[in-house]
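Visitor: got a sequence here, can you model it:
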Amino acid sequence: MKSVVPYRRYVALGDSFTEGIGDPHPGSPNGVCGWADRLAARLARADPEFRYANLAVRGRTMNDILTGQVQAAMLAEPDLVTIYAGMNDLMALRVDMDAMMARYADGLKSLQQTGATVLAFTAPDLGAKPMFRGLRGRAAIYNELLRRIADDLGVALIDFWRFDEFRDPRLWDHDRVHLSALGHEFMAERVFDCLPDADPLACPATSFLAAPSGSATVVGNVRWAVSFAAPWAIRRLRRITPGIGIEPKSTTLARVG
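Guide: Purely as a prediction, here's the structure:
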């Protein structure tokens, strides 16, 4: 008889998106929760034997994730892996997209060889974000290359680009780069919906109200530019990595909660 939730060993890989930046939680390692932690908590409700590790760290590039996280994930013998990689590379001044995606394909294939269900993410639509609007074409190319890789390998793909609800600014943190707490909650629900064979009746969703739509004001845009955009650009030009000295929230599979 098939289990209602066939996942017992979940490893999350990535950068700040998967670490959970934008979803503060004082009692959580690194002080943040995030969609992956929320997803793990939901899956754990259905199975006391469920274990979870989150190797994601803010600022990590594709190469960081492939060399520093994929191997560790494989050693954990997971049956579920989520991976979000490449966004920090897209924001770099230069990126060899074909070479990067070839390495990503190899990494995804290695994860698949563990027998785990592997879920990757497309980039979000950057067109609605003034500071990153010029990167929209680069993100679209990334997505098309990733869709081809996912088709070739049979990797499940979470198509963030097409999630229209994330056009709502209330699903984004004040920096407009990371998801807000509500955004992370929405994303956890979206990822759960993409899991093969997961039974929503066995893992009931957390109830929450949809965020009302809204638009940024001129004053809000100026405050954002001064408080975040300008300092962010300076750090990028100086090649200051936000994840220096930050460790993953959990490097070994453990009980949730």
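Visitor: list phi and psi for Thr18.
Guide: phi -90, psi -30 (degrees, to the nearest 10).
Visitor: burial of the closest residue in space to it that isn't next to it in sequence, as a residue count?
Guide: Here the nearest residue to Thr18 in space, its sequence neighbours aside, is Ala56; by C-beta to C-beta, 6 or more residues apart in numbering that works out to 3.6 Å. Where C-beta positions appear, they are placed from N, C-alpha and C, glycine not excepted. For Ala56, the tally of surrounding residues (other C-beta atoms under 10 Å) stands at 29.
Visitor: Ala56 and Asp197: what is the separation?
Guide: 24 Å (C-beta to C-beta, to the nearest Å).
Visitor: check contacts around Ile158.
Guide: 82, 119-122, 190-191, 194 (C-beta atoms under 8 Å, 6 or more residues apart in numbering).
Visitor: picking that back up, my read: the residue nearest to Thr18 touches Val11, true?
Guide: No - using C-beta atoms under 8 Å, Ala56 makes no contact with Val11, being 9.9 Å away.
Visitor: give me the phi and psi angles of Phe116.
Guide: Quick fix: residue 116 is Ala, not Phe. phi -80, psi 150.
Visitor: just how off-centre is stretch 112-131 within its chain?
Guide: Mean C-alpha position of stretch 112-131 versus that of the full chain (C-alpha atoms, centre = their mean, to the nearest Å) differs by 7 Å.
Visitor: quick check: mean pLDDT of it?
Guide: The pLDDT scores in stretch 112-131 average 88.
Visitor: and that stretch, which residues are buried?
Guide: Using 16 or more other C-beta atoms under 10 Å as the test for burial, stretch 112-131 gives 114, 116-127, 131.
Visitor: check stretch 26-40 too.
Guide: Applying 16+ other C-beta under 10 Å to stretch 26-40 flags 30, 32-40 as buried.
Visitor: Leu157: helix or strand, and which one exactly?
Guide: According to DSSP states H and E, Leu157 maps onto strand 156-158.
Visitor: show me the strands paired with that strand, marking each as parallel or antiparallel.
Guide: strand 117-121 (parallel) (DSSP bridges).
Visitor: kindly export the strand it pairs with (C-alpha atoms) in PDB.
Guide: Only the C-alpha atoms of strand 117-121 are listed here, as PDB (Å, rounded to 0.1, in the frame of the first residue of the first chain):
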ATOM      1  CA  THR A 117      12.300  13.200  -6.400                       C
ATOM      2  CA  VAL A 118      14.100  16.400  -7.500                       C
ATOM      3  CA  LEU A 119      12.300  19.700  -7.900                       C
ATOM      4  CA  ALA A 120      14.000  22.700  -9.500                       C
ATOM      5  CA  PHE A 121      12.700  26.300  -9.900                       C
END
